[in-house]
Every structure is written in C-alpha cells, then in structure tokens.
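Participant: sequence and predicted structure, then a few things I'm wondering about:
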Amino acid sequence: MTASVTSAPAIVRTIPEMRKAIREYRSQASPGATVGFVPTMGFLHEGHASLIRRSNLDNGLTVLSIFVNPLQFGPNEDFERYPRDESRDLEVAAAAGADIVFLPSVEEMYPRRTATQITVAGVTERLCGASRPGHFDGVGVVVTKLFNIVSPDRAYFGLKDAQQVAVVERMVQDLDQPVEIVPCPIVREADGLAMSSRNVYLSADERREALVLSRTLAQVPAWIASGMTAERLEAAVTAGISASPLAVIDYVEALTYPSLTPPAADVPLSDADERLIVAVAVKFGRTRLIDNILISVPEA
Ligand code: AMP
C-alpha cells in the first residue's frame, strides 16, 4: 500500500512570478497539458476543496487564488471583517491538491484606481445584482484580471453563487476570453446548510435557524410538480423561510437560468421547458446568506 502524500503547494504573491510559473509549466509539460484555476476569497472549506479536486482531475496543474477583492464589496458590507486565515487555507489547499496558491496583496492587484469597468448587463439586474449594486462589476474586473494573470484553460466556479456563474459565463462569451468555465455543484454541511466562509459569523441560534433555507428549497421540486406558477412558488418559499423568527428576507425569486429573466407569468412552471433557478438571500442577524436550487423541469 502506498501512503498518499500531499506536497505543499508553491506560494506566489506577485503577478510577474505567477506569469513566470505558468510559462515554466507550459514549457515543460507534455503537449496538451492544461491549467485549471480556482478563484476564491479564502477561509477555505469543503466547497472550495471540491473545486480544487475537480480541477486536479481535469488538468495537469491547478492554481488556486485567494484574494478578498475590495471592488466587489459595497461601502456598508463586510470587506474589513471578512474572515481570513492564510495558514489554515494553505493546509486545505495542500490536502485538496492545489499546485500553486496565488496570494496577491490589494496593492499588487490594484496599484492604482481601476478606471476600467466591466458591466454584464441583463443577468445582473436581479438577485444579488439588484441588492448589491456594483458587486458584479467588481467580480468582472477581478475575474478578468486573474484570467489575464493565470491564463488558465479552465476555471472552476461553484453554483452556490449561481448568478456569478451566469455573469462570468456571459462575460467570457461576450469578450472571447479563452477559458472554459466549469460550474460545480453546491457542497452542503451534513444538515443541509450550504457551506460558506460567512457561516462562521452565525451565532448558535442563527446557525440552527439558517437550516430553514435548505429545508425550504428542498421542497421546490415537489411544489413545481404540483403545478405552481412562479408567483405562487415565490410565495410558498417566502412563507417557508418566514417560519423562522430570525430570518429577514432580502429576496426570493424564481427565474429562468442562466438568463435570469422571469418565466412566463400565469403558466405552471412544470410546463416551462427551460432550466429554472429558485434563489434566496436572507439575513440572520448581521449575516447575509444565499442559497439556491437549479431545476431542469422534466426532473421536477
Ligand atoms: P468565495 O471564496 O466565497 O468567493 O468562493 C470561491 C468559489 O467557491 C466560488 O466559485 C464559489 O461559488 C465557490 N463556493 C463557495 N461555497 C461553495 C459551496 N458551498 N459549494 C460549492 N462551491 C462553493
């Protein structure tokens, strides 16, 4: 039996070093070897690790980035207090099999005010695009910069942030960015809570109450099969979540995916032949959580 050995990933903190590492890999690797990329904001959990492992399966080299991107936080959001733990992150990255961890500073990524804007219209009009103005513009800039620095063949994104996946896919198509976007399933705690770096903010009471999200979303396929319209389904999900006294709803929306437009009104969702998403954002105390379920209607 051979023991499994996890070797420590290389740590890279500057853009020139990152480019050099990729150049060296490509010059030495066998023809056809690919680079996979997993962009994150760190405080890694099993959801992030699942993306790293998937990239490892598909590619010869996996680059993980950890960068809390100030551009995607609003003025009253949690940029300053966002959880950070570099040494623990490096352990998770090593165990999951990342080859390179890119850890740039804010000064390295933004040495001057960024004058260039990336706005992906349409798919950003609702959900977090509506409740976090400017958020996806910040995501567009940082993801484009990271793609330009790492030049990956594939990039791995979690469907926990399903709107982000739709935004990045559309940006890559519109701008011919030479990278394949690979959406990956939501990883949940054993009791159903979607894993998130922000879950550490929750008090014990809030953590318990937050289960209302996954429990309510789990009922969506049956509700669709029963013939609900989008409006009726949104009302049912809202009522389910409101059963928790601590839940303060930001949004509950049933939309087509990935266009993120409303399905035809007054038509049962079970008659739609599109993919649907039911997405929610709910505050428990100071912590805003998001969750969603994606449904191909014949499955419902
Ligand atoms: P973040 O560090 O929160 O910016 O997330 C980095 C990447 O990990 C994004 O593509 C997220 O969608 C993904 N991710 C975060 N949480 C989960 C989860 N519970 N399951 C799957 N992917 C996740």
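Facilitator: Structure's in. What do you need? This structure is a prediction, so every number in the text was calculated from the model and none was measured. Numbering: from 1, shown residues only.
Participant: mind checking pLDDT for the closest residue to the ligand within the chain?
Facilitator: Per Cβ to the nearest ligand atom, Gly158 is where the chain lies closest to the ligand, at 2.1 Å. Heads up, the C-betas are built off the backbone N, CA and C, glycines and all. Confidence at Gly158, expressed as pLDDT, is 98.
Participant: over to Asp266?
Facilitator: Note for Asp266: predicted pLDDT of 89.
Participant: show me what contacts the closest residue to it other than its chain neighbours?
Facilitator: Among residues not flanking Asp266 along the chain, Thr229 sits closest, at 5.9 Å (Cβ to Cβ, 6 or more residues apart in numbering). Counting by Cβ atoms under 8 Å, 6 or more residues apart in numbering, Thr229 touches Ala265, Asp266, Val267, Pro268, Leu269.
Participant: could you pull up the contacting residues of the closest residue in space to Thr14 that isn't next to it in sequence?
Facilitator: Excluding its sequence neighbours, the residue lying closest to Thr14 (Cβ to Cβ, 6+ apart) is Glu108, at 5.9 Å. By Cβ under 8 Å, 6+ apart, the contact list for Glu108 reads Arg13, Thr14, Ile15.
Participant: let's have those residues in TSV, adding secondary structure and pLDDT.
Facilitator: As requested, the contacts of Glu108 are exported to TSV (DSSP: H, G, I helix; E, B strand; the rest coil; pLDDT from 0 to 100):
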residue	secondary structure	pLDDT
Arg13	coil	98
Thr14	coil	99
Ile15	helix	99
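Participant: ok, of those, which come out buried?
Facilitator: Among those, those classed as buried by 16 or more other Cβ atoms under 10 Å are Ile15.
Participant: pull the number of nearby residues for the residue of the chain closest to the ligand.
Facilitator: Using other Cβ atoms under 10 Å, Gly158 has 22 other residues around it.
Participant: equivalent analysis for Arg170, please.
Facilitator: Using other Cβ under 10 Å, Arg170 has 20 other residues around it.
Participant: quick one, what contacts it?
Facilitator: Val120, Gly122, Val123, Pro258.
Participant: Asp89 touches Ser65, doesn't it?
Facilitator: No. Using Cβ atoms under 8 Å, Asp89 is not in contact with Ser65, being 11.0 Å away.
Participant: okay, the two: which has more neighbours?
Facilitator: For Asp89 versus Ser65, the count of surrounding residues by other Cβ under 10 Å is larger for Ser65: 25 against 21.
Participant: for the more buried one, which residues count as its bridge partners?
Facilitator: With DSSP bridges as the criterion, Ser65 is bridged to Pro39, Phe102.
Participant: what's near enough to touch Phe79?
Facilitator: Taking Cβ under 8 Å, 6+ apart, we find Phe79 in contact with Val68, Pro70, Phe73.
Participant: next, the first one: secondary structure please.
Facilitator: Read it as Val68. Here Val68 is coil, with the state taken from DSSP: H, G, I helix; E, B strand; the rest coil.
Participant: these two touch, right, it and Met41?
Facilitator: Yes. Contact criterion Cβ under 8 Å: Val68 and Met41 qualify, at 4.8 Å.
Participant: hey, C-alpha coordinates of the one helix or strand Ala236 maps to in CSV?
Facilitator: Take DSSP states H and E as the rule and Ala236 turns out to sit in helix 230-242. This file holds the C-alpha atoms of helix 230-242, laid out as CSV (Å, rounded to 0.1, in the frame of the first residue of the first chain):
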residue,chain,number,x,y,z
ALA,A,230,-43.5,31.4,-10.4
GLU,A,231,-45.5,33.9,-8.3
ARG,A,232,-47.1,31.1,-6.3
LEU,A,233,-43.8,29.3,-5.8
GLU,A,234,-42.1,32.5,-4.6
ALA,A,235,-44.9,32.9,-2.1
ALA,A,236,-44.6,29.4,-0.9
VAL,A,237,-40.8,29.7,-0.5
THR,A,238,-41.2,33.1,1.3
ALA,A,239,-43.7,31.5,3.7
GLY,A,240,-41.4,28.6,4.4
ILE,A,241,-38.5,30.8,5.2
SER,A,242,-40.6,33.3,7.2
